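Trainee: no sequence on this one, just coordinates:
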């Protein structure tokens, strides 16, 4: 599980989480690897730009959000009419 989650999150190239943090996220998501991946990528997408006087590092937020979109579950469904309750 941890190897799959780390691979989904590109942790080998862009380490961010400890093993304990990943296990907690996995457990919090009901041991659903897809949901855990999505949640961790959203956390990873927090603004990470950096500006030091003349030097600016661009944020990789868009990259992480595009990866998260691949793991987002379809949450659409029917909505009950208010007058039919």
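Mentor: Nice, I can see it. Computed from a prediction, not measured in an experiment: that's the story for all the values here.
Trainee: is it correct that residue 41 is in contact with residue 68?
Mentor: Yes. Residue 41 lies in contact with residue 68 (Cβ atoms under 8 Å); the separation is 3.7 Å. Where you see a C-beta, it was placed from the backbone N, CA and C, and this is true even at glycine.
Trainee: pick out whichever of these two has more residues nearby.
Mentor: More neighbours surround residue 41 than the other of residue 41 and residue 68, with 23 against 19 (other Cβ atoms under 10 Å).
Trainee: what sits against the more buried one?
Mentor: The contact partners of residue 41, by Cβ atoms under 8 Å, 6 or more residues apart in numbering, come to 8-9, 64-65, 67-68, 71.
Trainee: at 10 Å instead, please
Mentor: Going by Cβ atoms under 10 Å, 6 or more residues apart in numbering, residue 41 touches 8-10, 16, 63-72.
Trainee: how distant is the helix or strand where it lies from the center of its chain?
Mentor: In the assignment (DSSP states H and E), residue 41 maps to helix 33-44. Remark: helix 33-44 is offset 3 Å from the chain centroid, using Cα atoms, centre = their mean, to the nearest Å.
Trainee: buried ones in that helix, by neighbour count?
Mentor: 35-41, 44 (16 or more other Cβ atoms under 10 Å).
Trainee: same deal with stretch 1-8?
Mentor: Buried residues in stretch 1-8, counted by 16+ other Cβ under 10 Å: 5-6, 8.
Trainee: distance to residue 58, secondary structure and pLDDT added to the residues you listed, as a markdown table?
Mentor: Listed next are these as a markdown table, based on distance: Cβ to Cβ, whole Å; DSSP: H, G, I helix; E, B strand; the rest coil; pLDDT from 0 to 100:
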| residue | distance to residue 58 | secondary structure | pLDDT |
| --- | --- | --- | --- |
| 5 | 26 | helix | 96 |
| 6 | 24 | helix | 96 |
| 8 | 23 | helix | 96 |
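Trainee: before I go, just wanted to say thanks for your time.
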